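In: quick one: sequence and predicted model below, then my questions.
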Amino acid sequence: MMTMGPTFSQWKRLTDEYRQGLEALRRGDTSGSKHMMRLAREIQLLGLRCSGPLHMAEPADWSASQLEALAPPTERPGVGQRLARIFSTMQA
């Protein structure tokens, strides 16, 4: 297991340098663009090196209504549709 200490410090150093390069580009200084490309590659490689399997919780058995509640508002059924579903289950 990789510790956060040195890896995080390296990531922070790389991202700080990259941010400085972006600020320079915003000012119109393009002299550091090759350096920024190298930094981007290093950040990407560091991410690949550190991306081991993550612990994921076991999937829960979600009901349809719970899944609907998590959906974006545009994909959720309207009030009328929900009431119709409730009444149809009451009749059954």
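Out: Noted; the coordinates are in hand. The shown structure was predicted, so the numbers you read here are calculated from the model rather than taken from an experiment.
In: average pLDDT for the helix or strand that contains residue 23?
Out: For residue 23, the enclosing helix or strand under DSSP states H and E is helix 4-26. On average, the pLDDT along helix 4-26 is 87.
In: got the buried residues for whichever helix or strand comes after that helix?
Out: The first helix or strand that comes after helix 4-26 along the chain, using DSSP H and E, is helix 33-50. Of the residues in helix 33-50, 36, 39, 42-43, 46 count as buried by neighbour count, 16 or more other C-beta atoms under 10 Å. No exception for glycine: its C-beta is placed from N, CA and C like everyone else's.
In: picking that back up, the helix holding residue 23 vs helix 33-50, what angle?
Out: 150 degrees (axes from the mean of the first three to the mean of the last three C-alpha atoms, to 10 degrees).
In: so what's the gap between helix 4-26 and the chain middle?
Out: Taking the mean C-alpha point of helix 4-26 and that of its whole chain, the gap between them comes to 19 Å (C-alpha atoms, centre = their mean, to the nearest Å).
In: tell me which helix or strand of the chain sits lowest on mean pLDDT?
Out: The least trusted helix or strand in the chain, going by mean pLDDT, DSSP states H and E, turns out to be helix 64-70, with a mean of 67.
In: just confirm residue 10 contacts residue 46, I think it does.
Out: Yes. Checked against C-beta atoms under 8 Å, the pair residue 10 and residue 46 is within contact range at 6.4 Å.
In: residues contacting residue 28?
Out: For residue 28, no contacting residues are found, by C-beta atoms under 8 Å, 6 or more residues apart in numbering.
In: look up how far residue 32 lies from residue 42.
Out: 14 Å (C-beta to C-beta, to the nearest Å).
In: let me redo that: residue 25
Out: Using C-beta to C-beta, residue 25 is found at 8 Å from residue 32.
In: next, residue 31: phi, psi?
Out: For residue 31, the backbone dihedrals (degrees, to the nearest 10) come out as phi -60, psi -20.
In: what number of residues lie near it?
Out: Counted with other C-beta atoms under 10 Å, the neighbours of residue 31 add up to 9.
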